[in-house]
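A.B. asks: Below are the sequence and a predicted model; questions follow.
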Amino acid sequence: SQQGEEDPQALSIQEGENATMNCSYKTSINNLQWYRQNSGRGLVHLILIRSNEREKHSGRLRVTLDTSKKSSSLLITASRAADTASYFCATAGNTGGFKTIFGAGTRLFVKA
Amino acid sequence: EPEVTQTPSHQVTQMGQEVILRCVPISNHLYFYWYRQILGQKVEFLVSFYNNEISEKSEIFDDQFSVERPDGSNFTLKIRSTKLEDSAMYFCASSEFSGRGEISGANVLTFGAGSRLTVL
């Protein structure tokens, strides 16, 4: 299985603090993506990092990728109450059919 | 901004009944997916569809499930005889590219809002 697994499972922080979520995966990948899900709603794509990239930024988001350790991290800086959501990493392999697999997710709660 | 639309938003059915969930992917997307999420749990891959055929399916996607793209715009998921454990949120997604190969565009998925299926 190529599934990514995130940790921590849940994270509670104060507004203004940084939130870091980690993801591990098992197989070789073309890219790794992070998605966000507000309660009970569809997932929304946040950021993608390709296998030949080590770090990527988008606004308050910073993603790192270490292919030697098969791991990635998502950092949200200066968190806001509106960042409260579940965050999932997703990977797609190089072989077989077209399949993007999501990890179990990290539930982030940002207290105002 | 283009979006993936799903209907119905909520369906309640009796065990053993057939259910069809409908999705309209983004018009220029070529790759289509169904996922499901049991309440509070992970988002599970069911099936991907490309060029009018199933590209890959998971162990969950057994003979009770089928997908179809009947008219070039809709993408449907059928569950022939629903079980209690089929109760979940079902998400349709589409992507423009497969993400394969260095020159391929990225497989960024756009999700619909989901169809909540409740089997009684």
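C.D. replies: Cool, the structure landed.

A.B. asks: Flag every residue of chain A that's near chain B.
C.D. replies: A:30-31, A:33, A:35, A:37, A:40-45, A:48, A:50, A:88, A:90, A:92, A:94, A:96-105 (C-beta under 8 Å from any C-beta of the partner chain). Any C-beta I mention is one placed from the backbone N, CA and C, and that applies to glycine too.

A.B. asks: at 10 Å instead, please
C.D. replies: Taking C-beta under 10 Å from any C-beta of the partner chain as the measure of proximity, chain A contacts chain B at A:3, A:5-6, A:29-31, A:33, A:35, A:37, A:39-45, A:47-48, A:50-52, A:86, A:88, A:90-105, A:107.

A.B. asks: For PyMOL, what selects the buried ones among those?
C.D. replies: Applying 16 or more other C-beta atoms under 10 Å in any protein chain shown to the residues of chain A next to chain B leaves a buried subset, and the PyMOL line that selects it is:
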select buried, chain A and resi 3+5+6+29+30+31+33+35+37+41+42+43+45+47+48+86+88+90+91+92+93+98+99+100+101+102+103+104+105+107
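
A.B. asks: In strands, which of the residues of chain A next to chain B appear?
C.D. replies: The strands in this structure, assigned by DSSP state E, contain A:5-6, A:31, A:33, A:35, A:37, A:43-45, A:47-48, A:50, A:86, A:88, A:90-92, A:100-102, A:107 from these.

A.B. asks: Now chain A against chain B: closest residue?
C.D. replies: Going by C-beta to the nearest C-beta, chain B is nearest to residue A:97 of chain A, at 2.4 Å.

A.B. asks: Would you mind confirming that that residue is in contact with residue B:107?
C.D. replies: No: under the criterion of C-beta atoms under 10 Å, residue A:97 is not in contact with residue B:107, lying 11.9 Å apart.

A.B. asks: any common contacting residues for these two?
C.D. replies: Taking C-beta atoms under 10 Å, 6 or more residues apart in numbering or on different chains as the contact criterion, the residues that touch both residue A:97 and residue B:107 are B:48, B:98.

A.B. asks: give me the number of residues near residue A:84?
C.D. replies: 18 (other C-beta atoms under 10 Å in any protein chain shown).

A.B. asks: So which bits of stretch B:22-42 are buried?
C.D. replies: For stretch B:22-42, using 16+ other C-beta under 10 Å, the buried residues are B:22-26, B:29, B:31-37, B:42.

A.B. asks: Assign a three-state SS to the residue in chain B that chain A sits nearest to, would you?
C.D. replies: When distances are taken as C-beta to the nearest C-beta, chain B reaches nearest to chain A at residue B:56, 2.4 Å away. Residue B:56 falls in the strand class when you classify it by DSSP: H, G, I helix; E, B strand; the rest coil.

A.B. asks: gap between residue A:7 and residue B:5?
C.D. replies: When C-beta to C-beta, to the nearest Å is the yardstick, residue A:7 and residue B:5 sit 34 Å from each other.
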